[in-house]
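Give me a model of this one.
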Amino acid sequence: MIKIDMHSQEFQGELEKTVRFTDKVLSQFGWVYNPDKEINEGIQLGLTRNKLMHGKRYCPCFFVTGNKEEDRICPCKPAIEHEIPTDGVCHCQIFCTPEFASAKAAEERLEEAVHRHSRGLTHEECEMLLRKEQLDGDEVEALIEARAIGMIRFKLIDVREHMEWRMGHIAGADLLIPTSSFFDTLDSSKLSKEEPLIVYCHVGSRSAHCQRILHDMGYKQVSNLTYGIVSYGGSIVR
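The predicted structure is shown next:
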């Protein structure tokens, strides 16, 4: 096993060259760094390690095999030709389009607001949350709070059975559409296919199934409370 001392003068000197190299790549292609600095630093350390071990800055996310046809030298061809133009970010996540980086930074601000309860959500952040397929308890609670002050509109639907509803349901739930009579109850509910929906059950499995059905029926935005009511820390009506 080859061991590299990242605190050595040799490594630190090569690391400085690697940082200048990645800066130059950004300038050359019009890309930007990932907003997550830890990702960038980790990749720069890996590139430096490979430069010292193999003589080139091979992509640290792949094995260096010695096969010139397979080994990826940063910035690699797949990243330049496919990953960044298509996905907005390379496989290693260090190089991004400005659009991807902006969206990523917005997601990180939203996550901090939701999970640390550091502030209320903006309308744009609420819209971003409702576009997610899976929501956790904090996210649903934040959306209910935002809806209460008129910032956003959606329907919160319980797909458990009536007995379970009576035992306890999320405060703010709009409808009970039991899985056992799902289609009949859904038909009588007259829900709009344009309005965002959030479905939940006990642990998230029944509601995930109902989510797929609703998508297949043409409902535009349907989110699922991933781990169900047992993961929800907000107010429960019992």
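
Which residue ranges of the chain form helices?
9-29, 37-54, 77-78, 84-87, 98-116, 123-130, 137-148, 162-167, 182-189, 205-216 (DSSP state H).

Select from these the stretch with the lowest mean pLDDT.
Ranked by mean pLDDT, these bottom out at helix 98-116, with a mean of 84.

Need the contact partners of that helix.
30-36, 87-89, 96, 118-121, 124-125, 128-129, 138-139, 142 (Cβ atoms under 8 Å, 6 or more residues apart in numbering). Just so you know, the C-beta spots here come from the backbone N, C-alpha and C atoms, and that holds for glycine as well.

filter these to the buried ones?
31, 33-35, 88-89, 96, 121, 125, 129, 138-139, 142 (16 or more other Cβ atoms under 10 Å).

most neighbours per residue, which of the helices of the chain?
Most buried of the helices of the chain by mean neighbour count (mean count of other Cβ atoms under 10 Å) is helix 137-148; its value is a mean of 20.

how close does the residue nearest to residue 83 when sequence neighbours are not counted sit to residue 223?
Counting by Cβ to Cβ, 6 or more residues apart in numbering, residue 83 lies nearest to residue 90, which is 5.0 Å off, once chain neighbours are set aside. Distance check for residue 90 against residue 223: by Cβ to Cβ, to the nearest Å, it reads 29 Å.

try residue 212
For residue 212, the distance to residue 223 - Cβ to Cβ - is 12 Å.

ditto for residue 102
Applying Cβ to Cβ to residue 102 and residue 223 gives a distance of 23 Å.

Then residue 129?
With Cβ to Cβ as the criterion, residue 129 and residue 223 are 8 Å apart.

what pLDDT does residue 3 get?
68.

what does the one 4 residues further on give?
As summarised for this prediction, residue 7 has a pLDDT of 88.

same check, this time on residue 118
For residue 118, the model assigns a pLDDT of 55.

can I see the domain layout of this structure?
Domain segmentation of the chain under automatic domain parsing yields 9-103, 120-237.

In CSV, list the ones you listed along with distance to residue 109.
Conversion of the domains of the chain to CSV gives the following (distance: least, Cβ to Cβ, whole Å):
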stretch, distance to residue 109
domain 9-103, 10
domain 120-237, 8
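
Leaving out chain neighbours, which residue sits closest to residue 167?
residue 238 (7.0 Å).

What's the separation between residue 157 and residue 45?
47 Å.

can you check residue 111 too?
Taken as Cβ to Cβ, the span from residue 111 to residue 45 is 25 Å.

got it, and residue 24?
18 Å.

Make sure the residue nearest to residue 83 is actually in contact with residue 77.
No - under the criterion of Cβ atoms under 8 Å, residue 90 makes no contact with residue 77, lying 11.0 Å away.

and residue 69, how many neighbours does it have?
5 (other Cβ atoms under 10 Å).

Give me the pLDDT for it.
Predicted confidence (pLDDT) for residue 69: 81.

Leaving out sequence neighbours, find the closest residue to residue 94.
Once flanking residues are discounted, residue 94 sits nearest to residue 43: 4.2 Å by Cβ to Cβ, 6+ apart.

wait, what's in contact with that neighbour?
Residue 43 neighbours (Cβ under 8 Å, 6+ apart): 22, 60-61, 92-94.

Is the residue nearest to residue 215 when sequence neighbours are not counted bridged to anything, and to what?
Excluding the flanking residues, the one nearest residue 215 by Cβ to Cβ, 6+ apart is residue 222, at 5.8 Å. For residue 222, the beta-bridge partners under DSSP bridges are residue 197.

Spit out the contact partners of residue 222.
196-199, 211, 214-215 are the contacts of residue 222 under Cβ under 8 Å, 6+ apart.

now do 10 Å
Residue 222 is in contact with 130, 133, 154-155, 157, 193, 196-199, 207, 210-215, counting by Cβ atoms under 10 Å, 6 or more residues apart in numbering.
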